[in-house]
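*Asks:* here are the coordinates; sequence isn't available:
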Ligand SMILES: Cc1cc2nc3c(=O)[nH]c(=O)nc-3n(C[C@H](O)[C@H](O)[C@H](O)COP(=O)(O)OP(=O)(O)OC[C@H]3O[C@@H](n4cnc5c(N)ncnc54)[C@H](O)[C@@H]3O)c2cc1C
């Protein structure tokens, strides 16, 4: 395999929350074929394999994760063909948005402010009130769980609310179908979304975005706020005073604090509304 393999790598600096112990192995393949080789090798050797994107939706346990963590930062190419734009899994959404806006291609501004990589946005079907990732995806290149590289078209998409329905595949590349528009108009929509987000979410603090999924017909943030949880704190993790579905780390928090706060918030919402909140955030280890 071309790429780097490092042993015992602490994950916290790579996580948006800045929390998490070491991975046994941290693997950064060079190209798409190399990712396939890693998937096949881990399968044959029975080594657990996880894929890390931008680390903006994962809480890693304080004692870390066993097995290998795959990071696809080297898959960072953006290729345009008319109104279609293919982006590697390691491209960040903000840089893709900038690149497509500059050439007058609209659509991605509905994902403004999401600090994901393309692979993570697809895996989570990340979205906002204005739309979600799979509104725009026309095809995917993936490594299937058996290690084979395959192209998936819409007939094989299984995306749902905040779940890309990948069924164990690793995303290598996504192609987005965009529409021509004036760069100034795209920029204006982007700026408006960003302004709204900055005013209503603690974007400058360490978090994983929304901790819980919105239950049908309601908003988890509203339920948490009405249940009296704003500014509730355990250790270094606090329910944001700006948006109650965001938990923020003051720099001293641990994964154990995060989980304990989630349990307490769930209990209070259950007691008050009889609703069981489901996590949107993913947990590794522990
Ligand atoms: C400040 C802030 C604001 C946010 N706002 C939003 C928002 O408005 N809307 C929203 O939906 N989310 C939001 N989020 C959450 C998060 O950004 C999204 O869930 C995003 O899709 C995660 O992408 P990531 O690249 O960081 O993935 P990670 O957090 O690294 O991983 C998330 C999941 O995707 C999997 N994954 C990552 N890459 C791949 C790949 N190449 N192939 C297969 N699986 C992969 C991981 O294994 C993991 O299960 C926010 C988070 C923060 C911190």
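*Replies:* Cool, the structure landed. Keep in mind that what you see is a predicted model, and the values were worked out from it rather than measured. Residues are numbered from 1 along each chain as shown.
*Asks:* could you list the buried residues of stretch 77-87?
*Replies:* Within stretch 77-87, the residues scored as buried using 16 or more other C-beta atoms under 10 Å are 83, 85, 86, 87. Placement of C-beta: from N, CA and C, glycine included.
*Asks:* that stretch and the ligand, any residue contact?
*Replies:* No. Stretch 77-87 does not reach the ligand (C-beta under 6 Å from any ligand atom); its nearest approach is 11.3 Å.
*Asks:* and the end-to-end length of that stretch?
*Replies:* Distance between the boundary residues of stretch 77-87 (C-alpha to C-alpha, to the nearest Å) amounts to 6 Å.
*Asks:* quick check: mean pLDDT across it?
*Replies:* Mean pLDDT, computed over stretch 77-87, is 98.
*Asks:* what of stretch 1-16?
*Replies:* The average pLDDT for stretch 1-16 rounds to 97.
*Asks:* what is the burial count for residue 155?
*Replies:* By other C-beta atoms under 10 Å, 5 other residues sit near residue 155.
*Asks:* shouldn't it be within a strand?
*Replies:* No. The assignment for residue 155 (DSSP: H, G, I helix; E, B strand; the rest coil) gives helix, which keeps it out of a strand.
*Asks:* relative to the ligand, how far out is it?
*Replies:* 19 Å (C-beta to the nearest ligand atom, to the nearest Å).
*Asks:* one more: residue 131?
*Replies:* For residue 131, the distance to the ligand - C-beta to the nearest ligand atom - is 11 Å.
*Asks:* also residue 13?
*Replies:* Counting by C-beta to the nearest ligand atom, the gap from residue 13 to the ligand is 13 Å.
*Asks:* and for residue 257, the neighbour number?
*Replies:* Neighbours of residue 257 using other C-beta under 10 Å come to 20.
*Asks:* that one is in contact with residue 237, isn't it?
*Replies:* Yes. At 4.4 Å, residue 257 counts as touching residue 237 under the criterion of C-beta atoms under 8 Å.
*Asks:* which intervals of the protein have sub-threshold pLDDT?
*Replies:* Filtered on pLDDT under 70, the chain yields no residues whatsoever.
*Asks:* where does the record place the domain boundaries for it?
*Replies:* Domain ranges of the chain: 3-71, 78-200, 220-284, per automatic domain parsing.
*Asks:* got those domains as CSV, with distance to residue 206 columns?
*Replies:* Output for these, formatted as CSV (distance: least, C-beta to C-beta, whole Å):
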stretch, distance to residue 206
domain 3-71, 5
domain 78-200, 11
domain 220-284, 4
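*Asks:* quick check, nearest of the buried residues of stretch 77-87 to residue 55?
*Replies:* residue 87 (18.2 Å; C-beta to C-beta).
*Asks:* wait, a strand at that closest one?
*Replies:* Yes. Looking at residue 87 with three-state DSSP, it is inside a strand.
*Asks:* quick one: name the residues of this structure near the ligand.
*Replies:* Going by C-beta under 6 Å from any ligand atom, the residues of the chain near the ligand are 16, 50-58, 72, 89, 114-117, 119-121, 123-124, 126-128, 162, 166, 170-171, 203, 207-209, 282.
*Asks:* give me the buried subset of those.
*Replies:* 16, 50-58, 72, 89, 114-117, 119-121, 123-124, 126-127, 162, 166, 170-171, 203, 207-209.
*Asks:* that'll do, ta.
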